[in-house]
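Peer 1: sequence and predicted model, in that order:
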Amino acid sequence: HHVYSFLRNLLDLLTKLQKPHLYDRMEAEVREMMGRRSGQIGMQIVDVEMMIPQNHLLRKIDRMVRFEFIYELLAPYYPSNGRQSVDPVSMFKMLLVGYLYGIKSERRLVEEVRLNLAYRWFCGFELHEAIPDHSTFSKTRVRKWQQSDLFQKVFQEIVRHCVESGLVDGKALAADGSYLPANVSRASWVDVEVEVEHSMQSYLDRLDEELAAQPGFRKPPVKKITKRRTTSTSDPDCGYINHGTKRGVGYLMEATVDCKHGIVTGIDVCPANQRESLLVLRHLERQIQSGIPMERIALDRGYDTGAVHRGLELLGITGYIPAIQFPNTPEKYGFTYNPQQDAFVCPEGKLLTYHRLNCNQSTGKYLRCYQASCTDCSHCGRRKTCFETNSTRRRVLASSCYPAFFRGHSRVGTSAYLSMMRLRKIWAEGSFSVLKREHCLSKIRKRGIPAVTEECLLSVMALNLKRMVKASFFQLSPPFYVSCWLEFALE
């Protein structure tokens, strides 16, 4: 570039000095030094795969996960006659590419796959093949994929692969919920009245059976009540939330993350007005039934209820949950709990033993009633200040699962608890941050719980695949290293 500039300046100088013969000679030499395309059309045989770098993310994903099982999943939903459809694996990979690289628009996704060689190769399209139109995605979703529950099954297959490969071991997990704003305008918000059944709060079927065997249990009658809820006329499935900085209509995504490599093992989507503590036990139970190991789990303070503590024990999971500082606890009045006897001890050293369950008819909640004997209270010097004069004994009402509640609180502050809380901040909160920043979950684009669940599953699959690729060479067995090395060598 510098030589060319020098020669061009010299030509200008010769022109000014009126030396035409020297000018013509120098101009000819400059033209010879300039490179020019011939413009002729050439024919070449191109292997697209050879043009993809060995360390490209899509090449690594293609090595780790084979998506051919999708054909078997979708076979019952395609007819045996008629015109041949677009390859469903190629279409699924196109959607996956969009969430891997943060491409929200399906119109733009089609253009990117058409122009990007790596995207085209990963999706299985040759250079001469046309890319399916964006409208094909919506038609295929409605007619084929939603009926087959494809996205959930592919997500479970990827997680199963992680479990078998040792990327998920269940020794430390974290679960949390995250608010996802709905794709609606503020003008569409509306208050509606809905009729709901008001009965006992149910966290887990096994927990309900255990409560039903307790003395004093009487299932409250199911009553129909009318509630007002805020939703949107554009998306009636969404719910309203007003909690801290989270305010608006949208959805709640409950997710569990394995803390070994950050693999998300399960998600559930519900309206944002649902309580996370009511969802988490069945959310975890479904994952255990699908074969995901679970030993310890970290949750935030919103899950600190007796039912959650006991439900985790029934599922065989050790829970680590920060304790809520309640203002009116028995300890405030000098009572202590004896876990060996399942009884409270009053300041005078007398036992208040477990008597029965009490049901609050208005809320549907059950409380354990601990009471002292009449003999102990009748001769007590603190009788006048301990309880009301029209009572004959002191009673203490506690959570319906207070023994498990106490065991859970006894772990607070231990070294294991502090370690699990650090892991929860890293993997649970960190995963939600990455999903929203890089994988199209900052705001939901579709409407309705099935479509929102599809978005969340694709986003989580993209994150899982990236973390699988990152962790694979540190965690997988030696035969995997050898096979990968042989593939690289043969190429």
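Peer 2: Done, it's in.

Peer 1: who touches the one helix or strand residue 122 maps to?
Peer 2: With secondary structure defined by DSSP states H and E, residue 122 is part of helix 117-123. The set of residues external to helix 117-123 that reach it, using C-beta atoms under 8 Å, 6 or more residues apart in numbering, is 48-49, 51-52, 56, 58-59, 61-62, 90, 93-94, 97, 112-114, 127, 131. Just so you know, the C-beta spots here come from the backbone N, C-alpha and C atoms, and that holds for glycine as well.

Peer 1: in the helix or strand that it is followed by, what's buried?
Peer 2: Per DSSP H and E, helix 117-123 leads on to helix 135-140 as the next helix or strand towards the C-terminus. Buried residues in helix 135-140, defined by neighbour count with 16 or more other C-beta atoms under 10 Å: 136-137, 140.

Peer 1: what's the answer for stretch 175-191, then?
Peer 2: Here stretch 175-191 shows 175-184, 189 as buried, counting by 16+ other C-beta under 10 Å.

Peer 1: low-confidence bits of the stretch 101-250 of the chain, can you list those?
Peer 2: 141-144, 146-147, 197-199 (pLDDT under 70).

Peer 1: chain center to stretch 374-387, what's the gap?
Peer 2: 54 Å (C-alpha atoms, centre = their mean, to the nearest Å).

Peer 1: any idea how far residue 304 is from residue 368?
Peer 2: 17 Å (C-beta to C-beta, to the nearest Å).

Peer 1: likewise for residue 310?
Peer 2: 12 Å.

Peer 1: which one of those two has more residues nearby?
Peer 2: Counted by other C-beta atoms under 10 Å, residue 310 and residue 304 do not tie: residue 310 has more neighbours, with 27 against 20.

Peer 1: is it true that the more buried one touches residue 406?
Peer 2: No: assessed by C-beta atoms under 8 Å, residue 310 is found out of contact with residue 406, at 10.8 Å.

Peer 1: in the protein, where's the longest helix?
Peer 2: Assignment by DSSP state H gives helix 449-475 as the longest helix of the chain.

Peer 1: quick one: contacts of stretch 318-331?
Peer 2: 295-301, 303-304, 308-309, 312-313, 337, 344, 396, 398, 408-409, 411-412, 416-417, 420-421.

Peer 1: again, only this time at 7 Å
Peer 2: 295-301, 303-304, 309, 312, 344, 396, 408-409, 411-412, 417, 420-421 (C-beta atoms under 7 Å, 6 or more residues apart in numbering).

Peer 1: which of these fall in strands?
Peer 2: Of the positions in the contacts of stretch 318-331, 296-298, 344, 396 sit in strands, assigned by DSSP state E.

Peer 1: which of those residues scores worst on pLDDT?
Peer 2: Across the ones in strands among the contacts of stretch 318-331, the bottom pLDDT score, 83, is held by residue 396.

Peer 1: wouldn't it be in contact with residue 352 here?
Peer 2: Yes: applying C-beta atoms under 7 Å, one finds residue 396 in contact with residue 352, separated by 5.5 Å.

Peer 1: of the two, who's got more company?
Peer 2: Shown here are residue 396 and residue 352; by other C-beta under 10 Å, residue 352 has more neighbours (24 against 21).

Peer 1: so for this structure, the centremost residue is which one?
Peer 2: Centroid-nearest residue in the chain: residue 255, 3.7 Å away (criterion: C-alpha atoms, centre = their mean).

Peer 1: any idea how far that residue lies from residue 121?
Peer 2: Taking C-beta to C-beta, one finds residue 255 at 31 Å from residue 121.

Peer 1: how about the strands in the stretch 201-350 of the chain?
Peer 2: 223-232, 239-243, 246-258, 263-271, 296-298, 318-320, 336-338, 343-345 (DSSP state E, counting those that start in this stretch).

Peer 1: wait, which of these is closest to residue 457?
Peer 2: strand 263-271 (6.7 Å; C-beta to C-beta).

Peer 1: what are the pairing partners of that closest one, and which direction each?
Peer 2: Next to strand 263-271 in the sheet, as set by DSSP bridges, lie strand 246-258 (antiparallel).

Peer 1: can you pull the alpha-carbon coordinates of the partner strand into CSV?
Peer 2: Provided in CSV are the C-alpha atoms of strand 246-258 (Å, rounded to 0.1, in the frame of the first residue of the first chain):
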residue,chain,number,x,y,z
LYS,A,246,-41.2,-7.6,39.5
ARG,A,247,-44.5,-6.0,38.5
GLY,A,248,-46.6,-6.9,35.5
VAL,A,249,-48.4,-9.7,33.7
GLY,A,250,-46.5,-12.7,32.5
TYR,A,251,-45.4,-16.2,33.3
LEU,A,252,-43.3,-17.9,35.9
MET,A,253,-40.6,-20.4,34.8
GLU,A,254,-39.6,-22.9,37.6
ALA,A,255,-36.2,-24.4,36.8
THR,A,256,-33.8,-26.8,38.5
VAL,A,257,-30.1,-26.7,37.7
ASP,A,258,-27.4,-29.3,38.6
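
Peer 1: now do that strand: distance to the chain's middle.
Peer 2: Centre to centre, stretch against its chain (C-alpha atoms, centre = their mean), the figure for strand 246-258 is 8 Å.

Peer 1: in this structure the residue nearest to the centre of the chain contacts residue 267, no?
Peer 2: Yes: using C-beta under 7 Å, residue 255 makes contact with residue 267 at a distance of 4.7 Å.

Peer 1: if you count neighbours, what's buried in stretch 232-242?
Peer 2: 232, 234-235, 237-241.

Peer 1: now the two most distant members of those residues.
Peer 2: 234 and 241 (17.1 Å).

Peer 1: following the helix or strand where residue 162 lies, which helix or strand comes up?
Peer 2: In this assignment (DSSP H and E), residue 162 forms part of helix 150-165. Sequence order places strand 173-181 as the next helix or strand after helix 150-165, per DSSP H and E.

Peer 1: give the pairing partners of that following strand; include direction for each.
Peer 2: strand 246-258 (antiparallel), strand 296-298 (parallel).

Peer 1: and the first one, what's buried?
Peer 2: What it means is strand 246-258. 248-258.

Peer 1: just stretch 212-229 next, same as before
Peer 2: For stretch 212-229, by 16+ other C-beta under 10 Å, it's 217, 220.

Peer 1: how far does it stretch from start to finish?
Peer 2: 31 Å (C-alpha to C-alpha, to the nearest Å).

Peer 1: just use 588 as the starting number from now, easier for me
Peer 2: Sounds good: first residue 588 from here, last item stretch 799-816.

Peer 1: distance from the chain centre to that stretch, please.
Peer 2: 32 Å.

Peer 1: check stretch 673-683 too.
Peer 2: 22 Å.

Peer 1: repeat that for stretch 653-670.
Peer 2: For stretch 653-670, the distance to the chain centre is 28 Å (C-alpha atoms, centre = their mean).
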